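Peer 1: need a structure here:
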Amino acid sequence: MHRQLAKSFTSVAINYRASCRARSHAEYTAKIGVVAEEADESLGWLEFMQSAKLLGSEEMERLIAEAKELTAIMSASYGTARYKERNKASRR
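Peer 2: As a prediction, the model looks like this:
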């Protein structure tokens, strides 16, 4: 379980870096979508660990709050990127 959480958290970081280096808007959109998915998965693991009482409650609350913020930011970025991608295609 801890390993899976570590994998999803590191995936957020690495895929975000890749999205910043995207060669096209379509590539950025795809990568930022992966970041949003991995951030949500990380949040899910934290919530699971909290319900299983695997870490102290104060620290877990802080981690979950941070994960929720990151998930919201990345999801909004993905939504904006998709919106721009669709509008770019319709303006042609």
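Peer 1: from here on, contacts and neighbour counts on C-alpha atoms
Peer 2: Noted.
Peer 1: buried set for the helix or strand harbouring G79?
Peer 2: Taking DSSP states H and E as the definition, one finds G79 inside helix 57-90. Of the residues in helix 57-90, those scored as buried under the neighbour-count criterion (16 or more other Cα atoms under 10 Å) are 60, 64, 67-68, 70-71, 74-75, 77-79, 81-82.
Peer 1: centre of the chain versus it, how much separation?
Peer 2: Between the centre of helix 57-90 and the centre of its host chain there is 6 Å, according to Cα atoms, centre = their mean, to the nearest Å.
Peer 1: What mean pLDDT does that helix get?
Peer 2: The predicted model assigns helix 57-90 a mean pLDDT of 91.
Peer 1: elements contacting that helix?
Peer 2: Judged by 3 or more Cα pairs under 8 Å, 6 or more residues apart in numbering; DSSP states H and E, the packing partners of helix 57-90 are helix 25-51.
Peer 1: So which elements touch the helix it packs on?
Peer 2: Judged by 3+ Cα pairs under 8 Å, 6+ apart, the packing partners of helix 25-51 are helix 2-20, helix 57-90.
Peer 1: would JSON lines of these with distance to D40 be doable?
Peer 2: JSON lines is the format used below for these (distance: least, Cα to Cα, whole Å):
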{"stretch": "helix 2-20", "distance to D40": "9"}
{"stretch": "helix 57-90", "distance to D40": "6"}
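Peer 1: out of those, nearest to L43?
Peer 2: Minimum separation from L43 across these (Cα to Cα) falls at helix 57-90, 5.5 Å.
Peer 1: for the residue nearest to F9 when sequence neighbours are not counted, what are its contacts?
Peer 2: The shortest distance from F9 to any residue other than its chain neighbours is 6.0 Å, reached at S42 (Cα to Cα, 6 or more residues apart in numbering). Contacts here follow Cα atoms under 8 Å, 6 or more residues apart in numbering; on that basis S42 touches L5, S8, F9, A67.
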